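# Generate a structure from the sequence data that follows.
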Amino acid sequence: MDKREAIGSWLSGPRAAAEGMAEKAGTDFGYRGERLGLPEEGPGSIAPFGRRVGALFIDWGISALIAFGLLAGRKLEGTNNWALVVFLVMSLLTVGTVGATPGKRLLGLRVVSLHGLGKLPVWRTLVRTVLMGVAVPALIWDRDNRGLHDQLSGSVQVRI
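Next comes the predicted model:
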């Protein structure tokens, strides 16, 4: 491999680098979600990154508005701390009951259990929510775009 290939694969991210190496070795990664038994496109397929980020922004915005209006005494200084609490409670309640936060629902996403592809049990929802609150597990992904919080709770975000 020459230096241009190494730099190009590094700039494209770890999946691109791994796919480039695998292509030379004759290995096929398949599409995201294939090894989980999910369809490649349409309902039930892995949620795209852009929609997931969009849903996160919508949910954080809702949480910040609730925190600012009801909990922080209409002071910006305390809004973000309360917004995190509201975000986690909202996530626990909505994912645990209907399988999606308001932002996920608006963008056509839901969280399902890999063990039967139904709604997440309460204890798995709690594990997922606590790990999301720590933030680091949500930033570590596998090749199927599942964060560590989804992996450890046995869940996956899919399109509706």
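
# Please pull out the lowest mean pLDDT helix or strand from this protein.
helix 3-12 (a mean of 53; mean pLDDT, DSSP states H and E).

# what's around residue 158, how many residues?
Residues contacting residue 158 under the criterion other Cβ atoms under 10 Å number 21. Just so you know, the C-beta spots here come from the backbone N, C-alpha and C atoms, and that holds for glycine as well.

# Now do the buried residues in the longest helix seen in the chain.
In the chain, taking DSSP state H as the definition, the longest helix is helix 76-97. The neighbour-count check on helix 76-97 (16 or more other Cβ atoms under 10 Å) flags 79, 82, 83, 84, 86, 87, 90, 91, 92, 94, 95, 96 as buried.

# Which one of these is nearest to residue 56?
Taking Cβ to Cβ as the measure, residue 56 lies nearest residue 87 of the buried residues of helix 76-97, at 9.2 Å.

# before we move on, which element is the residue nearest to that closest one when sequence neighbours are not counted in?
Take residue 87 and drop its neighbours on the chain: the residue closest to it by Cβ to Cβ, 6 or more residues apart in numbering is residue 63, 4.0 Å away. Per DSSP states H and E, residue 63 falls inside helix 49-66.

# how many degrees apart are that helix and helix 76-97 in direction?
Relative orientation of helix 49-66 versus helix 76-97 (axes from the mean of the first three to the mean of the last three Cα atoms, to 10 degrees): 120 degrees.

# Please state the offset of helix 49-66 from the chain centre?
How far helix 49-66 lies from its chain's middle: 12 Å, per Cα atoms, centre = their mean, to the nearest Å.

# Could you do stretch 151-160 as well?
Computed by Cα atoms, centre = their mean, the chain-centroid distance of stretch 151-160 equals 8 Å.

# Stretch 141-160 too?
Distance of stretch 141-160 from the chain centroid (Cα atoms, centre = their mean) equals 6 Å.

# Contacts for that stretch, please.
Identification of contacts with stretch 141-160 by Cβ atoms under 8 Å, 6 or more residues apart in numbering yields 15, 18, 29, 32-33, 35-36, 38, 42-49, 51-52, 100, 104, 108-115, 120, 124-125, 127-128, 131-132, 136-140.

# farthest-separated two in the buried residues of helix 76-97?
So, the buried residues of helix 76-97 by Cβ to Cβ: farthest apart are 79 and 96, at 24.9 Å.
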